[in-house]
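Chemist: how would this look folded up:
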Amino acid sequence: MTSPKLFTQFKTVLPIILGTAIYAFGLLYFIIPNQLMEGGVTGITILLNYAYQIPPSLSTLILNVPLFILGWRILGGKQMIYTGVGIGSLTFFLWLFEKMIEAGLIYPFVTQYDYILASLYAGVTLGAGLGIVFRFGGTTGGSDIIARICNRKFGWRMGQVILVIDIIIIGLSLFYIPKEKILYTFVAVYIASKIIDLIQEGIYAAKAFTIISDHAPEIADLITIEMDRGVTLIPAIGAYSKQAKHMAYCVVSRQEIRRMSVIIKSIDPRAFVIISDVHDVHGEGFREDG
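Modeler: Here you go, the predicted model:
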């Protein structure tokens with residue numbers, strides 16, 4: 001493998017390893033000490049810990065290895081490489097943090113009253129860890145492998161498969177933990193999902209303006225002068241009038257939405273404007289890094 005390819009692989013693998021470390025820490029520092037839950041195969045490892053005191057590192061490895069082999073055979077090795085990295089590093093960090101807790105080097109966050117605080121921090125750490133892993137094309141195995149296989153074999157949607165698995169696992173947890181802990185778990189899961197979305201979509205969210213007007217070139221010129229933003233003119237034909245015109249397309253930051261609207265209306269108050277969410281913007285005036 002050439003040096004540039006090795007460097008690219010390293011830049012992908014290192015964040016996945018970092019993400020699994022954060023995720024493992026959240027499980028052992030916030031989730032398990034406070035008897036909260038998680039979905040998927042990770043939820044099964046937590047249940048096994050609650051019911052039989054089986055270390056999560058051991059059950060994670062035992063449950064994921066057969067799934068990984070099955071996924072490798074059905075989905076192919078190329079799709080499973082980063083999943084293998086995620087499973088291996090998650091197992092390692094769970095084992096490492098377990099040993100550190102046993103040695104007294106880490107004292108888990110345990111509360112008898114403020115479970116909202118535990119849920120919030122659990123959601124942030126789990127979401128940050130998974131968000132980083134997902135952003136760089138990895139997974140932590142488990143239900144994600146099952147969902148991919150079901151999608152490949154039966155055409156089932158991955159999101160629906162994962163949701164059903166999560167509901168079953170969290171439902172089974174009612175036999176081992178109080179109902180109110182399940183409700184706190186939902187808080188953690190919700191926070192985690194928002195953090196995952198934030199990391200996946202990027203913190204540089206912006207707004208895209210699609211402007212349909214007979215005066216699109218004039219609007220584009222004024223945006224360029226007044227806001228120093230690039231504008232793209234796209235040829236278009238009105239379906240009803242059959243007349244040729246232009247559409248102007250421009251991406252601005254959230255803070256510039258009001259100013260943009262004022263400029264458009266100053267030239268054509270009747271312009272048809274579509275404002276869309278844009279995530280993880282790169283280029284001049286936004287992010288320059290990859």
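
Chemist: pLDDT weak spots in the stretch 151-290 of the chain?
Modeler: 158-159, 201-205, 280, 283-290 (pLDDT under 70).

Chemist: in it, which spans are helices?
Modeler: 158-172, 179-201, 216-227, 257-267 (DSSP state H, counting those that start in this stretch).

Chemist: nearest to residue 35, of those helices?
Modeler: Among the helices of the stretch 151-290 of the chain, the nearest to residue 35 by CB to CB is helix 179-201 (5.3 Å). Glycine gets a C-beta too; all of them are placed from N, C-alpha and C.

Chemist: Send over that closest one as PDB, restricted to the C-alpha atoms.
Modeler: Provided in PDB are the C-alpha atoms of helix 179-201 (Å, rounded to 0.1, in the frame of the first residue of the first chain):
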ATOM      1  CA  LYS A 179     -39.700   1.900  34.800                       C
ATOM      2  CA  GLU A 180     -38.400   5.400  35.600                       C
ATOM      3  CA  LYS A 181     -34.900   4.300  34.600                       C
ATOM      4  CA  ILE A 182     -36.300   3.500  31.200                       C
ATOM      5  CA  LEU A 183     -37.700   7.000  30.900                       C
ATOM      6  CA  TYR A 184     -34.300   8.400  31.800                       C
ATOM      7  CA  THR A 185     -32.900   6.200  29.200                       C
ATOM      8  CA  PHE A 186     -35.100   7.800  26.500                       C
ATOM      9  CA  VAL A 187     -33.700  11.200  27.600                       C
ATOM     10  CA  ALA A 188     -30.100   9.800  27.000                       C
ATOM     11  CA  VAL A 189     -31.100   8.200  23.700                       C
ATOM     12  CA  TYR A 190     -32.700  11.500  22.500                       C
ATOM     13  CA  ILE A 191     -29.700  13.600  23.500                       C
ATOM     14  CA  ALA A 192     -27.300  11.000  21.800                       C
ATOM     15  CA  SER A 193     -29.300  11.100  18.600                       C
ATOM     16  CA  LYS A 194     -29.100  14.900  18.400                       C
ATOM     17  CA  ILE A 195     -25.300  14.900  19.100                       C
ATOM     18  CA  ILE A 196     -24.900  12.200  16.400                       C
ATOM     19  CA  ASP A 197     -26.800  14.400  13.900                       C
ATOM     20  CA  LEU A 198     -24.700  17.400  14.900                       C
ATOM     21  CA  ILE A 199     -21.500  15.600  14.300                       C
ATOM     22  CA  GLN A 200     -22.700  13.900  11.100                       C
ATOM     23  CA  GLU A 201     -24.200  17.000   9.500                       C
END
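
Chemist: Pull out the buried residues from it.
Modeler: For helix 179-201, burial by neighbour count (16 or more other CB atoms under 10 Å) applies to 181, 184-185, 187-189, 191-192, 195-196, 199.

Chemist: Would you mind pulling up the elements that it packs against?
Modeler: Judged by 3 or more CB pairs under 8 Å, 6 or more residues apart in numbering; DSSP states H and E, helix 179-201 is in contact with helix 115-135.

Chemist: swap the cut-off to 10 Å and go again
Modeler: Using 3 or more CB pairs under 10 Å, 6 or more residues apart in numbering; DSSP states H and E, the elements in contact with helix 179-201 are helix 3-26, helix 115-135, helix 158-172.

Chemist: How much space separates the nearest residue to residue 149 once chain neighbours are set aside from residue 68?
Modeler: Leaving out its chain neighbours, the residue that sits closest to residue 149 by CB to CB, 6 or more residues apart in numbering is residue 74, at 5.4 Å. Distance of residue 74 to residue 68, given as CB to CB, to the nearest Å: 11 Å.
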